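S.K.: I would like to see how this sequence folds:
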Amino acid sequence: MNKNPIFCAIDTSDIETATNLVEQIKPHIGGIKLGLEFFTSCGISGCHTMKEFNLPLFIDLKLHDIPNTVASALRGILSLEPAYTTLHISGGSKMLKSSVNLKRDLNSKTNLLGVTILTSFDDGTIEEVKRLGFDIALQNKKGHGDAVVRGVTDTKSDFILYWGPDGNHEINEIPRLIEKIQEGYDQVVISRFGKTSVNLDAGPVDTFGNKMFTFLINVFFGGYLSDALNLSRIITRKSMLQIKFDAKGLDSTTQMSIRAIKQKHKIIAITGNEGRRIGGIRKMEPIPVGSKLTKLILREFIFWNKK
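M.R.: Modelled structure (predicted):
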């Protein structure tokens with residue numbers, strides 16, 4: 001597959017316009033996104049025409065109907081072998097399960113993406129989603145740390161799962177996290193840098209930085225992790241409350257690792273993989289992030305009282 005992460009949305013109902021546009025931009029994109037406007041006018045045959053450009057397809061129809069109907073529609077879409085296609089989450093668990101089962105039965109490599117809320121989201125949308133029975137937690141302050149605090153405050157479950165938002169973590173790792181936490185661990189982290197990990201997202205600088213800071217954390221605090229920085233992890237609510245989480249930025253999950261180690265909580269890293277992200281371009285700047293992590297480690301080592 002093309003390594004270029006950019007998919008261009010071909011929002012037209014005219015097949016000639018679509019092909020002319022792709023011919024012009026093909027050298028600069030990594031894939032073609034076809035939505036409802038294109039699909040209702042050009043159909044499956046139009047999609048086959050676009051496949052001739054030998055670029056990955058993203059068929060974005062946000063399927064939402066009774067399970068059998070969605071499964072039948074999805075079967076036709078999967079025959080095109082797109083890289084991605086979308087389902088609307090509000091279709092319910094039965095619809096989603098039947099779609100996943102169909103993908104498995106067909107041995108399809110297409111990634112099924114769940115759409116929760118559309119970009120036309122506004123205050124009226126919030127009320128509509130609430131009316132449908134969904135709970136919504138609105139983040140009032142900026143920052144990853146505040147999002148974590150809000151999530152903990154607004155939920156009541158015994159376990160709290162954190163998951164990377166960029167689409168490059170494998171969701172089949174989630175059952176492994178749950179299984180491990182149920183063995184009695186306080187916190188389980190997906191390691192992107194284990195001995196058998198495949199990491200397609202981190203470059204040489206990122207890899208060096210992660211291993212260096214994880215090494216420092218292990219030395220300073222007596223840990224044994226292979227990835228202390230990763231967001232994707234599961235933690236018990238009891239452990240989360242005991243570590244008195246108060247980080248603000250992207251160093252927040254690193255603080256979870258450090259304080260769990262300091263409090264002698266049972267924390268373990270299990271080997272996982274990290275693919276190429278589909279949620280935008282990597283924006284992490286090594287020097288500012290490295291500086292923030294250095295300050296965090298020193299602050300936690302010198303000042304933080306585990307009591």
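S.K.: Skipping adjacent residues, who's closest to Gly143 in space?
M.R.: Nearest residue to Gly143 in three dimensions, chain neighbours excluded: Lys248, at 4.8 Å (C-beta to C-beta, 6 or more residues apart in numbering). C-beta: built from backbone N, CA, C; applies to glycine.
S.K.: Could you check the pLDDT of Asn279?
M.R.: Actually, residue 279 is Gly. It isn't Asn. Note on Gly279: pLDDT of 60.
S.K.: In contact with the residue nearest to Gly143, which residues?
M.R.: Contact analysis of Lys248 by C-beta atoms under 8 Å, 6 or more residues apart in numbering lists 143-146.
S.K.: ok, of those residues, which one's closest to Lys211?
M.R.: Among the contacts of Lys248, His144 lies closest to Lys211 (C-beta to C-beta), at 21.8 Å.
S.K.: How much space separates that closest one from Thr253?
M.R.: Distance from His144 to Thr253, counting by C-beta to C-beta, to the nearest Å: 8 Å.
S.K.: With neighbour numbers in mind, choose between these two.
M.R.: Counting neighbours by other C-beta atoms under 10 Å for His144 and for Thr253 shows that Thr253 has the greater number, 22 against 18.
S.K.: quick one: what helix or strand has that one in it?
M.R.: Assessed by DSSP states H and E, Thr253 sits inside helix 252-262.
S.K.: tell me what that helix is packed against?
M.R.: helix 144-153, strand 187-191, helix 204-221, strand 233-236, strand 267-271, helix 286-302 (3 or more C-beta pairs under 8 Å, 6 or more residues apart in numbering; DSSP states H and E).
S.K.: how far out from the middle of the chain is stretch 31-40?
M.R.: Centroid separation for stretch 31-40 versus its chain: 23 Å, with C-alpha atoms, centre = their mean, to the nearest Å.
S.K.: Any buried residues in that stretch, and which?
M.R.: 31-35, 38-39 (16 or more other C-beta atoms under 10 Å).
S.K.: just stretch 89-101 next, same as before
M.R.: Under the neighbour-count criterion of 16+ other C-beta under 10 Å, stretch 89-101 has 89-91, 95-96, 98-99 buried.
S.K.: circling back: comparing the helices and strands packed on helix 252-262, which stretch has the densest surroundings?
M.R.: strand 187-191 (a mean of 27; mean count of other C-beta atoms under 10 Å).
S.K.: Please enumerate residues in contact with that strand?
M.R.: Outside strand 187-191, the residues that touch it by C-beta under 8 Å, 6+ apart are 169, 173, 177, 180-181, 197, 225-228, 230, 232-236, 239, 256-257, 260, 265-272.
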